[in-house]
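Engineer: Pasted the sequence and its predicted model underneath.
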Amino acid sequence: MNQVLQVGRNCWNIVPADETGLLIDGCDYYRAFYQAAGKAARYILISGWQFDSDVSLLRDGTVQEDRDVPLLGFLNELSEKNTDLRIYILAWNFNPVYGLDREWFQKWYFNWTTNERLKFCFDSSHCVGASHHQKFAVVDGATAFLGGLDLCSGRWDDREHCPSNPKRINSDQHPYGPFHDIQSYHSGAVAEGLATLFKERWRIVCGDDLNLPAVSARTPLSFAGCLPLASHRVGISRTQTRTDDGKQESIQEIRQLFVDAITSAESIIYVENQYFSSNAVFKALYQRMTKKQRTPLQIILVLAKDANAFVEKVSIGIVQAKIIGRLRELAAETGHQLGVYYSACLAEDGQEVPIYIHSKLFSVDDRFLSVGSANMNNRSMGLDTEINVTWETSIDEDGLSRSIRDIRTNLLAEHIGAKDPEEVRRLSSIEGLVDYLDHLAAGGSRRLRRHPALDGNPAEYETLASIFPDGFPFDMEEPPSEQTLYETISDESNSFFSRGITSLKTMLQHAGKILDSR
């Protein structure tokens with residue numbers, strides 16, 4: 001079978017890995033980051049879409065700490081104790097629409113209330129409408145973390161995903177709902193490669209060349225709850241848009257990676273993602289599903305039940321529902337099996353509490369696995385800055401396929417709430433898996449639920465689709481020209497006003513919601 005990963009086509013580089021694997025949900029990642037950063041000798045690099053200075057890193061009692069450990073206080077304490085340590089933080093210079101959800105005066109707070117060797121920089125070196133969305137951390141060029149998790153409010157949760165959890169609370173004492181995400185961990189050359197990419201990004205954004213010391217001695221990793229991958233190499237792929245000043249070239253490695261992986265699929269595609277609205281992904285699936293000489297696929301999508309806010313609903317939710325509907329029809333026509341699900345738990349009053357799926361994981365045939373910051377929407381394929389890591393089996397890595405299968409099984413068990421060993425073992429099988437998951441979802445007693453998009457747009461989306469039939473221009477692969485954007489908004493506005501005051505009232509009711517996660 002041909003290898004999917006190809007340097008220069010769908011990945012920046014393929015680098016050796018000493019140890020590598022996954023950390024599931026914020027509890028395990030935050031604790032692992034705390035442990036790795038606590039051992040830093042020379043430098044810590046952190047890139048993210050959002051940070052909160054007071055987010056608590058330790059909440060589950062597995063690390064012996066008798067005090068709260070807020071992010072900025074922890075990092076500053078490390079730099080105060082170790083005069084050789086330097087810390088660099090690169091954060092997206094967010095759009096004003098996110099203003100009520102972000103910590104104000106953050107640049108001042110991070111830079112002027114901390115040790116001078118802790119540097120914070122806002123990243124605004126991208127096209128209009130784009131965002132810096134890479135989420136990774138590197139310690140001494142020896143250890144690295146990369147995935148969908150930021151070190152910020154509203155992300156921490158454990159794998160139980162209880163409907164309410166006294167530890168799932170922000171510094172303002174505001175509780176939030178169950179939240180699922182994935183972060184990868186690495187030691188060795190992967191960390192060095194990510195440090196190189198961070199240095200380049202820092203130079204573009206901040207104008208400074210970081211003089212990072214040589215890689216320190218590596219020590220074996222030992223993180224509670226980790227899921228190791230039996231691999232000796234990892235591919236690194238990126239997304240970014242060319243800027244007018246020429247400082248940043250256009251890179252669509254992740255887009256090509258996803259298309260190539262879908263084209264190669266022979267038995268199963270397993271996806272966990274916050275969004276599913278990418279035109280490129282849909283076209284690749286359409287082409288693969290309509291190849292009559294190819295084997296039928298088990299296609300499993302685990303998505304967030306609903307978009308978080310109005311802008312997401314009209315820009316991504318409408319298109320996502322259309323894509324899922326078309327894939328459902330296509331599966332019925334071609335003999336492929338399509339299962340689209342979300343996960344939920346029940347509160348004490350019997351009300352459903354959806355578990356918000358924020359992870360960005362993509363697996364094919366239990367031989368290919370990609371995790372990172374990239375959503376399966378158009379923005380992540382071409383507009384925003386993104387970064388993913390990928391593991392793929394080769395002739396000398398028979399154990400990796402078992403590792404990927406075990407991870408897929410482990411994740412499905414979490415989404416279902418499966419504890420029985422025989423039931424978990426059944427999830428590892430590919431044949432008839434969608435039918436089995438559909439059976440569990442239909443029973444109503446498990447966490448896994450049939451996604452509402454499979455049954456057509458809910459009434460709320462029908463109303464929004466009548467106002468914005470093609471969605472609002474927020475989820476784009478390329479930055480729009482000023483004229484294109486003006487014409488689109490004008491067309492949508494004319495269509496909107498023609499539908500009268502009732503539609504206006506509906507829109508305003510939803511517009512009050514603020515985007516609080518991505």
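Structural biologist: Yes, it's here. Numbers count the residues shown, from 1 in each chain.
Engineer: Would you agree residue 402 is in contact with residue 230?
Structural biologist: Yes. Residue 402 lies in contact with residue 230 (C-beta atoms under 8 Å); the separation is 7.1 Å. Where you see a C-beta, it was placed from the backbone N, CA and C, and this is true even at glycine.
Engineer: Between these two, point out the one with more neighbours.
Structural biologist: More neighbours surround residue 230 than the other of residue 402 and residue 230, with 17 against 14 (other C-beta atoms under 10 Å).
Engineer: secondary structure element for the nearest residue to that one once chain neighbours are set aside?
Structural biologist: Distances taken as C-beta to C-beta, 6 or more residues apart in numbering place residue 399 nearest to residue 230, at 3.5 Å, with adjacent residues excluded. Taking DSSP states H and E as the definition, residue 399 sits inside helix 398-416.
Engineer: From the contact counts, what lies against the helix or strand following that helix?
Structural biologist: Sequence order places helix 421-427 as the next helix or strand after helix 398-416, per DSSP H and E. Counting contacts by 3 or more C-beta pairs under 8 Å, 6 or more residues apart in numbering; DSSP states H and E, helix 421-427 packs against helix 398-416, helix 433-443.
Engineer: buried sites along the shortest one?
Structural biologist: It refers to helix 433-443. In terms of neighbour count (16 or more other C-beta atoms under 10 Å), helix 433-443 has its buried residues at 433, 434, 436, 437, 438, 440, 441.
Engineer: again with the longest one
Structural biologist: Buried residues in helix 398-416, defined by neighbour count with 16+ other C-beta under 10 Å: 400-401, 403-416.
Engineer: Now do the same contact list for residue 26.
Structural biologist: 149, 155, 156, 157, 179, 181 (C-beta atoms under 8 Å, 6 or more residues apart in numbering).
Engineer: Residue 24: which of the residues you listed is nearest?
Structural biologist: Nearest to residue 24 among the contacts of residue 26: residue 181, at 8.1 Å, using C-beta to C-beta.
Engineer: give me every residue that touches the closest one.
Structural biologist: Residue 181 touches 25, 26, 29, 147, 148, 149, 155, 358, 359, counting by C-beta under 8 Å, 6+ apart.
Engineer: Could you pull up phi and psi at the first one?
Structural biologist: So that's residue 25. Phi and psi for residue 25, reported as degrees, to the nearest 10, are phi 80, psi 160.
Engineer: pretty sure it contacts residue 159?
Structural biologist: Yes. Residue 25 lies in contact with residue 159 (C-beta under 8 Å); the separation is 5.3 Å.
Engineer: more crowded one of the two?
Structural biologist: Neighbours of residue 25 and residue 159, each counted by other C-beta under 10 Å, are more numerous for residue 25; the result is 25 against 14.
Engineer: what's the distance between the more buried one and residue 141?
Structural biologist: 27 Å (C-beta to C-beta, to the nearest Å).
Engineer: now swap in residue 404 and tell me
Structural biologist: 27 Å.
Engineer: which helices and strands sit right next to the host helix or strand of residue 301?
Structural biologist: In this assignment (DSSP H and E), residue 301 forms part of strand 298-303. The helices and strands touching strand 298-303, judged by 3+ C-beta pairs under 8 Å, 6+ apart, are strand 268-273, helix 318-334, strand 337-346, helix 433-443.
Engineer: Could you say which of those is packed most deeply?
Structural biologist: Neighbour counts (mean count of other C-beta atoms under 10 Å) averaged over each of these peak at strand 268-273, with a mean of 23.
Engineer: which element follows that one toward the C-terminus?
Structural biologist: Next in sequence after strand 268-273, counting helices and strands by DSSP H and E, comes helix 279-289.
Engineer: how about that following helix: buried residues?
Structural biologist: Neighbour-count burial for helix 279-289 [16+ other C-beta under 10 Å]: 280, 281, 282, 284, 285, 288, 289.
Engineer: on that earlier part again, quick one: average confidence on the strand holding residue 301?
Structural biologist: Averaging pLDDT along strand 298-303 yields 98.
Engineer: before we move on, what about stretch 377-396?
Structural biologist: 91.
Engineer: same deal with stretch 153-161?
Structural biologist: Mean pLDDT, computed over stretch 153-161, is 96.
Engineer: Quickly note the distance from residue 18 to residue 314.
Structural biologist: Applying C-beta to C-beta to residue 18 and residue 314 gives a distance of 46 Å.
Engineer: who has more neighbours, these two?
Structural biologist: Taking neighbours as other C-beta under 10 Å, residue 18 and residue 314 compare with residue 314 leading, 25 against 16.
Engineer: Now do the same for the more buried one: helix, strand or coil?
Structural biologist: Taken by DSSP: H, G, I helix; E, B strand; the rest coil, the conformation at residue 314 corresponds to helix.
Engineer: Can you check the pLDDT for it?
Structural biologist: With respect to pLDDT, residue 314 has a value of 70.
Engineer: follow-up on the earlier one: quick one: buried ones out of the contacts of residue 26?
Structural biologist: 149, 155, 156, 157, 179, 181.
Engineer: Quickly name whichever of the residues you listed is closest to residue 268.
Structural biologist: Nearest to residue 268 among the buried ones among the contacts of residue 26, with distances taken as C-beta to C-beta, is residue 181, at 22.3 Å.
Engineer: thinking residue 253 is in contact with residue 7, fair?
Structural biologist: No. Residue 253 is beyond contact range of residue 7, at 9.6 Å (criterion: C-beta under 8 Å).
Engineer: Secondary structure and distance to residue 327 added to the contacts of residue 181, as TSV?
Structural biologist: Shown next, in TSV, are these (DSSP: H, G, I helix; E, B strand; the rest coil; distance: C-beta to C-beta, whole Å):
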residue	secondary structure	distance to residue 327
25	helix	28
26	helix	30
29	helix	31
147	strand	26
148	coil	23
149	coil	28
155	coil	30
358	coil	22
359	coil	20
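Engineer: Pick the one among these closest to residue 331.
Structural biologist: Taking the contacts of residue 181 together and measuring to residue 331 by C-beta to C-beta, the closest member is residue 359, at 23.3 Å.
Engineer: ok so, going back, name the residue in residue 253 and residue 7 with the higher neighbour count.
Structural biologist: Neighbours were counted for residue 253 and for residue 7 using other C-beta under 10 Å; residue 253 has more, 25 against 12.
Engineer: Can you name the residues that contact the residue nearest to the more buried one when sequence neighbours are not counted?
Structural biologist: The shortest distance from residue 253 to any non-neighbouring residue, by C-beta to C-beta, 6+ apart, is to residue 237 (4.0 Å). By C-beta under 8 Å, 6+ apart, the residues touching residue 237 are 10, 11, 12, 253, 254, 257, 370, 372, 387, 388, 389, 390.
Engineer: Out of those residues, which sit inside helices?
Structural biologist: 253, 254, 257 (DSSP state H).
Engineer: Could you report the separation of residue 233 from residue 402?
Structural biologist: Taken as C-beta to C-beta, the span from residue 233 to residue 402 is 17 Å.
Engineer: Fine by me, thanks again.
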